[in-house]
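S.K.: structure, please.
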Amino acid sequence: MTSREIRQAFLDHFAKRGHTIVPSAPMVVKDDPTLMFTNAGMNQFKDLFLGNRPAKDKRIADTQKCLRVSGKHNDLEEVGIDTYHHTMFEMLGNWSFGDYFKKEAIQWAWELLADEYKIDKENIYVTYFGGDAADKLEADEETRQLWLQYLPAERILPFSRKDNFWEMGDTGPCGPCTEIHVDVRTAEEKKAKPGRDLVNNDHPQVIEIWNNVFMQFERKADGSLHTLPAQHVDTGMGFERLCMVLQGKRSNYDTDVFQPLIQTISKQCGKKYGETLDQVHVDNSGVKADIAMRVIADHLRAIAFAIADGQLPSNTGAGYVIRRILRRAVRYGYSFLGFNEPFMHGLVATLVSQMGDQFPELKKQQGIIENVMLEEEKAFLRTLEQGTKRLEQALSESKGTIPGDKAFELFDTFGFPIDLTQLMAREQGRDVDMKGFEAELQKQKERSRAATTVTTGDWVDLAKGETTFVGYDELSSPARILRYRKVSGKGGDQYQIVLDRTPFYAEGGGQVGDQGWLINGDDKVEVIDTKRENQLIVHFTKALPKDVNASFRAQVDASRRNLTARNHTATHLLHHVLRKQLGTHVEQKGSLVAPDRLRFDISHFAKVTPEELAVIEREVNAMITEDIVFDDRRNVPITEAKAMGAMALFGEKYGDTVRVVKFGPSVELCGGTHVPRTGVIGPFRIVSESALAAGIRRIEAITSVEAERMINEKLAKLDAINALLKHPADIVHAVEKLLEQNAALGKEMEKAGKERVRGYASSLPAKAKANGKGLKFLVQQIDLDAQSLKDLGYALREQHSDLAFVVGSVIDGKPLLAVSLGKAFADATGLKAVDIIKQISPEIKGGGGGQPDYATAGGKEPGGMASALKKAEEMLS
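M.R.: Okay, here's the model as predicted:
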């Protein structure tokens, strides 16, 4: 079976058994603060397991794109080294929300594997939960008895909580699980050692393919377990591992999931995949070329899917993770496959041909993916070049071992991988102080951990029910607290509150969350933010109301909300005009809508010119002036919304019904807040346009109060300039004339400066002193700027090779030192200008650097100039 047939057979199997087949959720998580990426198939259903909303469909199946590269689920360092770990992978899954349980889950899993996929029953082993004394849980005998219908007892194995009790996190739904393992070893290997002895022992050919979790409990913050009101089934099967089993391979990378990519890489680098599998010597390192190809093939998928879902590489958060994965792939290609030029972007077409049908976002975003990868590769190759120079410097300065702090500086500041540092050090017969490096790395982790450590308490439930959001129509509403919890972090204690009814908009779709108050008589608790967590609207406060059981008035800060709504509607108008003026290839790639500004990221291949920006700004203001009435359509079927021309954004997950926001020709799917008509927005002004990444432009703009403030400030400045110029008839012409006069004066000053330098170059050498070694030195304080000092130093070096010149100057109260050494002086004494400057600059409370023949330093203490020059004279005499 091909991988496509295997995937489809899974979905068909569960569709026949009453499961609704749903699309994969985005790999980049946007409404769960505990996750950056989807790392399991159940993530998109987390709110159902938590009971935050009822399940529309009791039975669901899908294939979910997942990423595991950080935190508890971190497979990054195993990727490519072994045959079955991946960063991005597909997880085939089936779920029951309070419907079927263990009996059906086990029966249907067996029917799929044994009857439809025809896996040899003799090769199948299963595990079950063997109990846990600490949690006072007995062994899962029910699961064992169900498996005995299909397998002999010797292939049904008990394991501990570590392997067979699945937990969502430190708290939350959890339960025992049963894992299905398959032994794909050769007959000789099986005869030598039974498969049961290798289950859960990280053997690459006795491998877990499917985990069936039976959600029965909820773990509380104190560690105790409470039985859930409804029992659920959550299963996940590794698609790539399943393909390995069904296609008779011994590695995931040998299946048709990866081979097209690997063969493309092989062709590009000129190395045949498989040739180094059993060789000891590979490319001076121990890392095989085959491993490099596997790393690249794996990482390409992770990067492409993340970008398609809207996550661009960056220096923080999820973007940093993606950048790190991309750089790891480039580094493997650079170090072991001979790729010295960008190559990753050239593999995207192969990936799209493989997976574009199942995941159409890849096809749609192919151009953006390729452009972003290309620019990231170029940037990292430049970083490698810079890091290589720094490493070479560190090697030249080291005496056999590169210090750990130097290796960490290369890693942390220049993004230079530690294993590449080790490789290059070994090539020159040097070592790296890895203990020192690890110590520095640990310090960094501890700093990061201390900054982000948060303790979250259990929810205190006061009443049952769900939150009704009324914020589209009301800014004030009666409310009661359904639940609350305390959260403690570096910034102090906060409380998270869930209401039965709220007008507060939770951060989402680029729009910031509402602020406001919970009011009960004289008790007024400030709401500092509102966010969405697994479909819950959570209100953040620094204190609890005095009486949590009271009725409150939930009051949104109306002024702040209205300003935000103006900017959100302006963003929609801007999007429409951008597509009209620049082309329909323009798509939203990110946004921020706040009370004081808006930011809009778009896909576009070139800089938006000032002329284009002027037209765009003018057209947005024209739509505002038209005073277009807001057409708000709620609960529209998604197919009907798309037929209306509403734009759906990749990386967003939509339900069966959506909200359509329409302002004349602008039609979008949106859950944000908007103005009743465009005339309310006021003036719209674009303040900047810049590049965010390859093929991604960022436009920042302001409206309303902020736009008026900017206009008034510019008018005030114009009036001030007009007054300074004595109110000329043509202020532009007057400024141009002033600039011309200033330029002429600048040339005169430059000419005079050069004359002064020539004068000093002629007169100063006569004041030089002999040092008794047939050499001369000159230490002076004179009144010259930095460039003139440099010119003077150059002139003296050229004319007087045996002269050392140290000069000090104070310009506008700031001290400056310069050291210039003639070649003969430097050769005879072995002194370097940069060493001298480092010795004398502390006297002026400064620092500097430079070259062996010329160096400079700036400082903060002009009073130290005399002592600095005296110290220089002592060094040279």
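
S.K.: list the buried residues of the helix or strand in which residue 381 is found.
M.R.: Using DSSP states H and E, residue 381 sits in helix 366-397. Using 16 or more other Cβ atoms under 10 Å as the burial criterion, the residues of helix 366-397 that qualify are 366, 368-377, 379-381, 384, 387-388, 390-391, 394-395. Every residue, glycine included, has its C-beta placed from N, CA and C.

S.K.: what lines up beside the helix or strand following it in the sheet?
M.R.: With elements assigned by DSSP H and E, the helix or strand that comes after helix 366-397 is strand 401-402. Under the criterion DSSP bridges, strand 401-402 sits next to strand 431-432 (parallel) in its sheet.

S.K.: contacting residues around the partner strand?
M.R.: 400, 401, 402, 404, 407, 418, 421, 422, 425 (Cβ atoms under 8 Å, 6 or more residues apart in numbering).

S.K.: which ones are touching the first one?
M.R.: Think residue 400. With contacts defined as Cβ under 8 Å, 6+ apart, residue 400 is in contact with 430, 431.

S.K.: what's the nearest residue to the residue nearest the centre of the chain if we skip its chain neighbours?
M.R.: For the chain, the residue sitting closest to the mean C-alpha position, by Cα atoms, centre = their mean, is residue 319 at 1.5 Å. Excluding its sequence neighbours, the residue lying closest to residue 319 (Cβ to Cβ, 6 or more residues apart in numbering) is residue 313, at 5.5 Å.

S.K.: run a quick neighbour tally on residue 439.
M.R.: 14 (other Cβ atoms under 10 Å).

S.K.: from residue 25, how far out is it?
M.R.: 40 Å (Cβ to Cβ, to the nearest Å).

S.K.: same thing with residue 55?
M.R.: Distance from residue 55 to residue 25, by Cβ to Cβ: 15 Å.

S.K.: Provide the secondary structure category for residue 745.
M.R.: Using DSSP: H, G, I helix; E, B strand; the rest coil, the structure places residue 745 in helix.

S.K.: isn't residue 475 up against residue 554?
M.R.: No. Using Cβ atoms under 8 Å, residue 475 is not in contact with residue 554, being 9.3 Å away.

S.K.: residue 714: how many residues sit nearby?
M.R.: 11.

S.K.: so it sits in a helix?
M.R.: Yes. Under three-state DSSP, residue 714 sits within a helix.

S.K.: pLDDT value on it, please?
M.R.: We have a pLDDT of 93 for residue 714.

S.K.: residues near the residue nearest to residue 319, how many?
M.R.: Around residue 313 there are 25 residues (other Cβ under 10 Å).

S.K.: please shift the residue numbers so they start at 489 in all later answers.
M.R.: In the new count, where the first residue is 489, that last one comes out as residue 801.

S.K.: that one: what's it in contact with?
M.R.: Applying Cβ under 8 Å, 6+ apart, the residues near residue 801 are 791, 795, 807, 808, 810, 811, 814, 860, 864, 1181.

S.K.: quick one: those as JSON lines, columns for secondary structure and pLDDT too.
M.R.: Below are the contacts of residue 801 laid out as JSON lines (DSSP: H, G, I helix; E, B strand; the rest coil; pLDDT from 0 to 100):
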{"residue": "791", "secondary structure": "helix", "pLDDT": "95"}
{"residue": "795", "secondary structure": "helix", "pLDDT": "92"}
{"residue": "807", "secondary structure": "helix", "pLDDT": "87"}
{"residue": "808", "secondary structure": "helix", "pLDDT": "85"}
{"residue": "810", "secondary structure": "helix", "pLDDT": "90"}
{"residue": "811", "secondary structure": "helix", "pLDDT": "89"}
{"residue": "814", "secondary structure": "helix", "pLDDT": "92"}
{"residue": "860", "secondary structure": "helix", "pLDDT": "91"}
{"residue": "864", "secondary structure": "helix", "pLDDT": "90"}
{"residue": "1181", "secondary structure": "strand", "pLDDT": "81"}
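
S.K.: tabulate those (JSON lines), appending distance to residue 1011.
M.R.: Output for the contacts of residue 801, formatted as JSON lines (distance: Cβ to Cβ, whole Å):
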{"residue": "791", "distance to residue 1011": "51"}
{"residue": "795", "distance to residue 1011": "48"}
{"residue": "807", "distance to residue 1011": "42"}
{"residue": "808", "distance to residue 1011": "42"}
{"residue": "810", "distance to residue 1011": "46"}
{"residue": "811", "distance to residue 1011": "47"}
{"residue": "814", "distance to residue 1011": "52"}
{"residue": "860", "distance to residue 1011": "51"}
{"residue": "864", "distance to residue 1011": "52"}
{"residue": "1181", "distance to residue 1011": "48"}
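
S.K.: of the residues you listed, buried ones?
M.R.: Buried among these (16+ other Cβ under 10 Å): 791, 795, 807, 810, 811, 814, 860, 864, 1181.

S.K.: so the first one makes contact with residue 832?
M.R.: This points to residue 791. Yes. Counting by Cβ under 8 Å, residue 791 does reach residue 832; the two are 7.4 Å apart.

S.K.: before we move on, back to that, report the two of the contacts of strand 919-920 separated the most.
M.R.: 888 and 906 (18.1 Å; Cβ to Cβ).

S.K.: pLDDT weak spots in the stretch 889-1038 of the chain?
M.R.: For the stretch 889-1038 of the chain, the stretches with pLDDT under 70 are 937-941.

S.K.: rerun at 80
M.R.: With pLDDT under 80 as the threshold, the stretch 889-1038 of the chain has low-confidence stretches at 901-905, 907-908, 911-912, 915-916, 933-942, 978-979, 1022.

S.K.: run through who's touching stretch 716-726.
M.R.: With contact meaning Cβ under 8 Å, 6+ apart, stretch 716-726 is reached by 498, 528-530, 533, 536-537, 539, 572, 577-586, 588-590, 592-593, 597, 654, 661, 696-706.

S.K.: I'd like to know which of those are buried.
M.R.: 498, 528-530, 533, 536-537, 572, 577-586, 588-590, 592-593, 597, 654, 661, 696-706.

S.K.: leaving aside the residues next to it on the chain, what's closest to residue 893?
M.R.: Among residues not flanking residue 893 along the chain, residue 928 sits closest, at 5.7 Å (Cβ to Cβ, 6+ apart).

S.K.: contacting residues around the one you found?
M.R.: Residues counted as contacts of residue 928 (Cβ under 8 Å, 6+ apart) are 892, 893, 896, 900.

S.K.: list the ones among those residues that fall in helices.
M.R.: Among these, the members falling in helices (DSSP state H) are 892, 893, 896, 900.
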